[in-house]
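J.: just coords:
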């Protein structure tokens with residue numbers, strides 16, 4: 001029997017009572033607008049996103065839970081203890097009852113609030129919530145000693161995950177710095193540079209629509225279809241025109257909004273507003289060119305933004321004319337081996353730090369759900 005089970009048997013053998021959040025807490029919104037944030041303010045300013053801004057004025061000085069009133073409902077939670085400002089469409093939940101710990105309520109809401117809110121929705125998503133919905137949420141109230149032990153355990157999980165994420169962030173910065181250094185070839189006159197289009201064929205993609213991508217998406221599809229951002233789908237070969245399918249390794253240019261590159265083995269295609277390159281493998285390795293292009297992402301993002309603030313966008317000429325270095329194939333292979341290994345450590349969800357973080361996250365969610373499930377007290 002673990003410590004929490006022992007405490008429950010000792011302190012509440014009959015079960016645990018649940019109460020409405022409205023009976024345990026004050027619930028309200030802030031009065032600040034997003035444009036009131038300042039880059040170097042003294043106090044945290046909570047809006048309707050995971051991002052925490054700063055401001056020079058505070059509205060509240062308390063321990064509380066902050067959630068958005070619109071967007072990210074059930075996914076975004078902030079714990080605050082001190083002075084802060086709050087957006088007018090974000091909610092503060094201040095536990096006023098001495099029978100419940102704020103962080104215990106926070107963990108329980110993280111585990112159960114989204115499921116509760118979805119029962120109030122008429123569709124599969126909830127775009128906004130109102131105060132009565134929050135007030136009606138039921139929270140179990142075990143003895144404080146039980147709550148504090150649960151909080152201690154879950155805090156430990158949270159700290160371990162934060163440490164791994166900080167290490168991953170450091171490794172990514174280290175990787176990016178190393179990639180920039182190894183691919184700069186500064187001062188090496190033996191390495192020539194040529195426009196990308198001289199060593200590649202540009203592909204136009206397919207006229208598939210976003211609705212078709214959603215409808216045709218199939219786990220068994222043979223063709224990966226890329227769209228803007230992180231959007232992609234797996235589609236059966238027979239559902240695409242044969243002329244649109246690219247059957248060689250290629251590099252997709254994410255040319256709208258977020259500017260980036262996606263390397264794909266065969267077969268693949270992409271929406272027609274994007275384009276891709278298949279590299280002449282007699283002079284360059286596709287993955288080497290992909291690694292180099294990634295060193296250009298920030299510059300290209302700035303270029304795209306200078307052309308259009310609303311939706312940053314590149315033209316084919318912007319990438320066709322990019323001068324790419326061409327060391328020997330042997331050097332390219334060696335560089336790819338080093339960078340691929342580094343990239344796996346920082347990006348691969350099946351190994352490296354991302355996989356370890358996901359494992360810890362899965363463990364945390366499992367134990368959180370186990371720890372926050374109680375036998376209900378029958379009146």
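T.: Here it is on my side, so go on. The structure displayed is predicted, hence computed values, not measured ones. Numbering: from 1, shown residues only.
J.: when you work out contacts or count neighbours from here on, use the C-alpha atoms and nothing else.
T.: Will do.
J.: packing partners for the helix ranked longest in the chain?
T.: Among the segments of the chain that qualify as a helix by DSSP state H, the longest is helix 144-182. Helices and strands touching helix 144-182, by 3 or more C-alpha pairs under 8 Å, 6 or more residues apart in numbering; DSSP states H and E, are helix 3-11, helix 102-118, helix 329-347, helix 352-371.
J.: rounded mean pLDDT for it, please.
T.: Across helix 144-182, the average pLDDT comes to 89.
J.: that helix vs helix 3-11, what angle?
T.: Helix 144-182 runs at 160 degrees relative to helix 3-11, counting by axes from the mean of the first three to the mean of the last three C-alpha atoms, to 10 degrees.
J.: buried ones in helix 144-182?
T.: By neighbour count on 16 or more other C-alpha atoms under 10 Å, the buried set for helix 144-182 is 146-151, 154, 157, 161, 164-165, 168, 171-172, 175-176, 179-180.
J.: quick one: strands adjacent to whichever strand or helix holds residue 82?
T.: Applying DSSP states H and E as the criterion places residue 82 in strand 78-86. Strand pairing for strand 78-86, determined by DSSP bridges: strand 43-46 (parallel), strand 60-68 (antiparallel).
J.: now tell me what touches stretch 353-371 from outside.
T.: 107, 111, 150, 154, 157-158, 161, 164-165, 168, 345-349 (C-alpha atoms under 8 Å, 6 or more residues apart in numbering).
J.: just the pLDDT at residue 297, thanks.
T.: In this model, residue 297 is scored at 92, pLDDT.
J.: residues contacting residue 103?
T.: Residue 103 neighbours (C-alpha under 8 Å, 6+ apart): 79, 151.
J.: got the confidence number for it?
T.: Taking residue 103 on its own, its pLDDT is 96.
J.: burial count for the nearest residue to residue 164 once chain neighbours are set aside?
T.: Spatial nearest neighbour of residue 164, chain neighbours left out: residue 357 (6.5 Å); criterion: C-alpha to C-alpha, 6 or more residues apart in numbering. If you count neighbours by other C-alpha atoms under 10 Å, residue 357 ends up with 20.
J.: could you do residue 8 as well?
T.: As a burial measure, residue 8 scores 19 neighbours (other C-alpha under 10 Å).
J.: need the contact list for it.
T.: 15, 142, 146.
J.: try 7 Å
T.: By C-alpha atoms under 7 Å, 6 or more residues apart in numbering, the contact list for residue 8 is empty.
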